[in-house]
Structures are given as structure tokens and as C-alpha cells.
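# dropping the sequence and predicted coords here.
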Amino acid sequence: MNKKAMEGLKQEEETKNEIDELKKSIRHLEIELDYEDSRRGNNYKYIQSLEAQIDEQYIKLDNLYETNKVSKS
């Protein structure tokens with residue numbers, strides 16, 4: 001393979017890894033949010049913080065999908 005092809009494959013692999021890490025991070029935050037909701041705690045600032053982090057992660061994920069035309073599966 002030529003150098004450009006190898007660089008393209010490397011970039012694609014890095015993008016897929018970044019997407020996987022974002023998915024794991026989102027899932028972890030969602031689990032934490034569910035836990036906080038189930039506790040019926042009054043920690044509204046923390047819950048809002050978790051929701052904001054989740055929203056931010058989804059925006060990053062959508063941007064990665066959009067810019068790299070990667071399948072969302």
C-alpha cells in the first residue's frame with residue numbers, strides 16, 4: 001500500500017476508536033444519570049451537569065459521524 005492509503009486507514013481507525021470512546025463515555029454518563037434519578041436526591045446541579053455533559057458528547061459524536069461519513073451502527 002502506498003503512504004496515502006496507509007494514512008487514510010490510520011485516520012479512519014482513529015476516528016472509529018474516538019467514536020467508540022465517546023459511546024462508552026455517553027453510556028457511563030447515562031448510567032450515572034439514571035442512578036442519580038433513582039436516588040430521588042436533591043442534587044439538581046449535578047443532574048444538570050450530567051445532562052449537559054451527555055448533550056455535549058452527543059454533539060461531538062454527531063459531528064464525527066457527519067464529518068467522516070461513518071455508519072452509526
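Great, that's in hand. Because the structure is a prediction, the values reported are computed rather than measured. Residues are numbered from 1 along each chain as shown.
# which one is the residue nearest in space to the middle of the chain nearest to, not counting chain neighbours?
Centroid-nearest residue in the chain, with CA atoms, centre = their mean: residue 22, separated by 2.4 Å. Among residues not flanking residue 22 along the chain, residue 61 sits closest, at 4.7 Å (CB to CB, 6 or more residues apart in numbering). C-beta: built from backbone N, CA, C; applies to glycine.
# spell out the residue ranges of the helices in the chain.
3-39, 44-68 (DSSP state H).
# let me have those helices in CSV, extended by mean pLDDT.
As requested, these are exported to CSV (pLDDT from 0 to 100):
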stretch, mean pLDDT
helix 3-39, 91
helix 44-68, 93
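# what distance do you get for residue 40 to residue 28?
When distance is defined by CB to CB, to the nearest Å, residue 40 is 21 Å away from residue 28.
# so who does residue 32 touch?
Shown in contact with residue 32 (CB atoms under 8 Å, 6 or more residues apart in numbering): residue 50.
# if we can go back for a sec, who's more crowded, residue 40 and residue 28?
A side-by-side neighbour count of residue 40 and residue 28, using other CB atoms under 10 Å, places residue 28 first with 13 against 6.
# report the separation between that one and residue 55.
Counting by CB to CB, the gap from residue 28 to residue 55 is 15 Å.
# what's the answer for residue 67, then?
Taken as CB to CB, the span from residue 67 to residue 55 is 19 Å.
# of the two, which one has the most company?
residue 55 (12 against 9).
# from residue 29, how far out is the more buried one?
Applying CB to CB to residue 55 and residue 29 gives a distance of 10 Å.
# quick one: residues contacting the closest residue to residue 58 other than its chain neighbours.
Closest residue in space to residue 58, ignoring its immediate chain neighbours: residue 26 at 6.6 Å, by CB to CB, 6+ apart. When contacts are counted by CB under 8 Å, 6+ apart, residue 26 touches 54, 57-58, 61.
# recalculate using a threshold of 10 Å.
If a contact means CB atoms under 10 Å, 6 or more residues apart in numbering, then residue 26 has 53-58, 60-61 as its contacts.
# before we move on, what about residue 43?
Applying CB under 10 Å, 6+ apart, the residues near residue 43 are 36, 49-50.
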